[in-house]
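1. just coords:
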């Protein structure tokens with residue numbers, strides 16, 4: 001009787017981890033496809049190619065953050081960019097539509113510190129000076145590869 005329970009427990013664990021792996025694979029595949037398709041879709045609507053970044057956090061619940069960067073003229077001209085992105089995701093990527101979806105539309109001219117300030121205001125409030133210091137260090141110590149001169 002004890003062997004049966006051990007086998008059932010092992011089989012149940014295997015099925016559980018297999019299903020979680022499948023869900024993760026499906027989620028990652030959807031994010032990769034969205035990262036390729038969304039810029040072209042938005043370019044066809046607004047006439048400008050945006051910079052798009054997609055982040056997924058899959059702990060207990062799945063959280064998806066999409067950051068779309070356009071020029072200031074496009075952001076001022078169109079106020080429904082977030083709704084268009086959410087509608088595109090719900091139509092073509094229902095796996096991502098089920099997650100907690102956050103879409104941020106930012107100006108492409110913003111610096112890294114300003115972008116962090118807009119995306120993570122609580123973190124920036126606590127660690128803003130450290131973040132700016134690290135970004136300045138990174139800028140001053142950046143090593144650029146120069147082509148060899150012969």
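-> Received, thanks. This structure is a prediction, so every number in the text was calculated from the model and none was measured. Numbers count the residues shown, from 1 in each chain.

2. now do the SS call for residue 56.
-> strand (DSSP: H, G, I helix; E, B strand; the rest coil).

3. what's the neighbour count on it?
-> 17 (other Cβ atoms under 10 Å). C-beta here means a position set from N, CA and C on the backbone, and glycine is covered the same way.

4. what sits against it?
-> Residue 56 is in contact with 27, 28, 31, 62, 63, 64, 65, 99, counting by Cβ atoms under 8 Å, 6 or more residues apart in numbering.

5. let's verify the third one: helix, strand, or coil?
-> This points to residue 31. helix.

6. that one touches residue 64, doesn't it?
-> Yes: between residue 31 and residue 64 there is a contact under Cβ atoms under 8 Å: 7.4 Å.

7. and the helix or strand where residue 134 lies, how far from the chain's centre?
-> Per DSSP states H and E, residue 134 falls inside helix 121-140. Mean C-alpha position of helix 121-140 versus that of the full chain (Cα atoms, centre = their mean, to the nearest Å) differs by 21 Å.
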